[in-house]
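> Fold the following and give me the result.
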Amino acid sequence: MNFDAIRCYDKEEIPAVLERLSNEKSFVNLLGTVYPLLPKEVLKQRLKSFDNADDFQRIMVYPFLQYIEANLTKGVKLMGVDRIDKNRSYLYVSNHRDILLDSALFCGKLMEHDMDTVEIAIGDNLLVFPWIEDLVRMNKSFIVRRSPGAKQMLESSKLLSAYMAHAVNEKKHSVWIAQREGRAKDSDDRTQESLLKMFNMGGEGTFAENLAALHICPLSISYEYDPCDYLKAKEFQQKRDNPDYKKSPQDDLLNMKIGVMGYKGRVVYRMAGEISEEIMKLGEEITNRNELVAAIASLIDKQIHTNYEIYKINKIAYDMLNESTKFSKSYSLLEKLDFEKYIEIQINKIDLIDKDVDFLKIKILEMYANPLINSLKTVESRS
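Sure thing, here's the model as predicted:
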């Protein structure tokens, strides 16, 4: 199949792409905010000096990720590397919190573990300007066409599925994709069954065989604080008050900016390990296809939920949401007061005319409580 419309750029294409980017005023201005001490002409020349994505990521992107970790987090950790084979390619399926950083910080940690960075699935709704597509495809991203139209949807899904299988099994490149389209605004992470059906389109075996061939590895992402929590809560009220409400491209840009430059506290990525054997076992046990799809989605969900990092604020949010004292021994009164003040500050940032403070507070509490709630359910299901 011809993947030219969606694939990340090949090495020989990169010099021309960087030439275009160096002449793109908006991008050069953005780069100037990332590297404020370097004159723009120097930045342009440095851009044009790269001829491959790996060097660009290591020399230009990684230092910025280090800056984010040092200044906007309390540390970023990658756990579970011992559960995978560093020489094998995987399809990492993860929960989705931040538009840009979920995959970017993951790539930074892979570099630190002497592993290749992943190819990243990115929705075309985020390609607000033409130069953004150049930037992400040069930076090992491939494009997910979100709304190609009903007639084109099937062909688009087949192409995407075939490309991912090609990347993992022929190019030997690992791939990262979110478990659902868009972020789970309430942090209740569930794998979209349509995503698994799309994975299946790229193979010629049974449903289980096709998914097992992708070497799926669930990945859990846990941010202590979500800097976009108030923007997500605002969107919940906007959709409640107007069911037809849809975010604008400017809203996406604001979410990207706040997500990158906001404070995140501790950040933990935890790999569950490959689940191909479990998928094949389910394929042998379940003959009904819809039931099999649901069972594999549930398997991925349980792996992600089990591997969350649970922070004190998740326990505080749980108790506040449920008006309980279940976890009160895990945190102090001062820590609870600090979190209550944090929520108040975040709600004060929301600029709605008919602001429903009680509703917004519940939505933010749900965001922080749901990872713990789902983690508890996985423990209960095993006992």
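> all contacts plus neighbour counts: C-alpha atoms, from now on.
Noted.
> ok, which stretches of the stretch 1-150 of the chain are strands?
76-79, 91-94, 119-123, 141-144 (DSSP state E, counting those that start in this stretch).
> got the contact list for I350?
230-231, 234 (CA atoms under 8 Å, 6 or more residues apart in numbering).
> Just give me the closest of these to K48.
L231 (36.7 Å; CA to CA).
> Just the pLDDT at that closest one, thanks.
Per-residue confidence (pLDDT) for L231: 97.
> Any buried residues in the helix or strand containing it, and which?
When elements are assigned from DSSP states H and E, L231 belongs to helix 229-241. Buried residues in helix 229-241, counting neighbours by 16 or more other CA atoms under 10 Å, are found at 229-238.
> ok, the residues you listed vs E209, which is closest?
K232 (37.5 Å).
> Is it correct that the closest one is in contact with K185?
Yes: under the criterion of CA atoms under 8 Å, K232 makes contact with K185 at 5.8 Å.
> you'd agree D188 is up against A369?
No: between D188 and A369 there is no contact under CA under 8 Å: 9.1 Å.
> out of these two, which sits in the busier spot?
A369 (25 against 18; other CA atoms under 10 Å).
> for that one, what are its contacts?
314-318, 321.
> and what of L219?
92-95, 269-272, 303-304, 307.
> ok so, going back, H215: which of the strands of the stretch 1-150 of the chain is closest?
So among the strands of the stretch 1-150 of the chain, strand 91-94 is nearest, using CA to CA, at 5.9 Å.
> Could I get the average pLDDT for the closest one?
98.
> A272 and I300: what is the separation?
9 Å (CA to CA, to the nearest Å).
> Which residues are in contact with each of those two?
P218.
> Residues contacting stretch 130-150, please?
So stretch 130-150 is contacted by 6-10, 14, 17, 21, 24, 27, 53, 56-57, 118-125, 127, 153, 156, 160 (CA under 8 Å, 6+ apart).
> likewise stretch 249-267?
68, 72-77, 98-101, 125-126, 128, 221-228, 231.
> Could you do stretch 10-21 as well?
Residues contacting stretch 10-21 (CA under 8 Å, 6+ apart): 27-28, 47-48, 50-53, 131, 134-135, 138.
> List buried residues within those.
By 16+ other CA under 10 Å, the contacts of stretch 10-21 give 28, 47-48, 50-53, 131, 134-135, 138 as buried.
> Among these, which ones are in helices?
28, 47, 53, 131, 134-135, 138 (DSSP state H).
> from those residues, which two are the most distant?
The widest separation within those (CA to CA) is 18.0 Å, between V28 and A53.
> and F236, how far is that from G123?
For F236 relative to G123 (CA to CA), the value is 21 Å.
> about what we covered before: could you dump the buried ones among the contacts of stretch 10-21 into a markdown table and include pLDDT and distance to I350?
Shown next, in a markdown table, are those (pLDDT from 0 to 100; distance: CA to CA, whole Å):
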| residue | pLDDT | distance to I350 |
| --- | --- | --- |
| V28 | 91 | 31 |
| L47 | 92 | 38 |
| K48 | 92 | 41 |
| F50 | 94 | 42 |
| D51 | 92 | 44 |
| N52 | 93 | 42 |
| A53 | 94 | 39 |
| W131 | 92 | 31 |
| D134 | 94 | 33 |
| L135 | 94 | 31 |
| M138 | 94 | 36 |
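> Quick check: the farthest pair among the residues you listed?
Across these (CA to CA), the longest gap, 19.1 Å, separates V28 and N52.
> before we move on, back to that, nearest to E204 among the contacts of stretch 10-21?
M138 (30.3 Å).
> Partner strands of the longest strand seen in the chain and their direction?
Longest strand in the chain, counting residues (DSSP state E): strand 216-223. Using DSSP bridges, the strands paired with strand 216-223 are strand 91-94 (parallel), strand 267-271 (antiparallel).
> Quick check: which of those is buried the most?
Among the strands paired with strand 216-223, strand 91-94 has the highest mean neighbour count (mean count of other CA atoms under 10 Å), at a mean of 25.
> Contact partners for A53?
So A53 contacts 11, 14, 138-140 (CA under 8 Å, 6+ apart).
> tell me, how many neighbours does A167 end up with?
A167: 21 neighbours (other CA under 10 Å).
> That one against S174, yeah?
Yes: with contact defined as CA under 8 Å, A167 counts as touching S174 (7.1 Å).
> pLDDT score for K302?
On the pLDDT scale, K302 gets 97.
> Now do the same contact list for it.
K302 touches T378, counting by CA under 8 Å, 6+ apart.
> can you start the count at 365 instead of 1 from here on
From this message on, residue numbering opens at 365, which makes the last subject K666.
> Just the element for it, please.
Going by DSSP H and E, K666 is part of helix 653-670.
> for the next helix or strand after that helix, packing partners?
Going down the chain from helix 653-670, the next helix or strand is helix 676-686, by DSSP H and E. Identification of packing neighbours for helix 676-686 by 3 or more CA pairs under 8 Å, 6 or more residues apart in numbering; DSSP states H and E yields helix 697-712, helix 721-746.
> Need those in a markdown table (columns: mean pLDDT).
Shown next, in a markdown table, are the helices and strands packed on helix 676-686 (pLDDT from 0 to 100):
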| stretch | mean pLDDT |
| --- | --- |
| helix 697-712 | 98 |
| helix 721-746 | 94 |
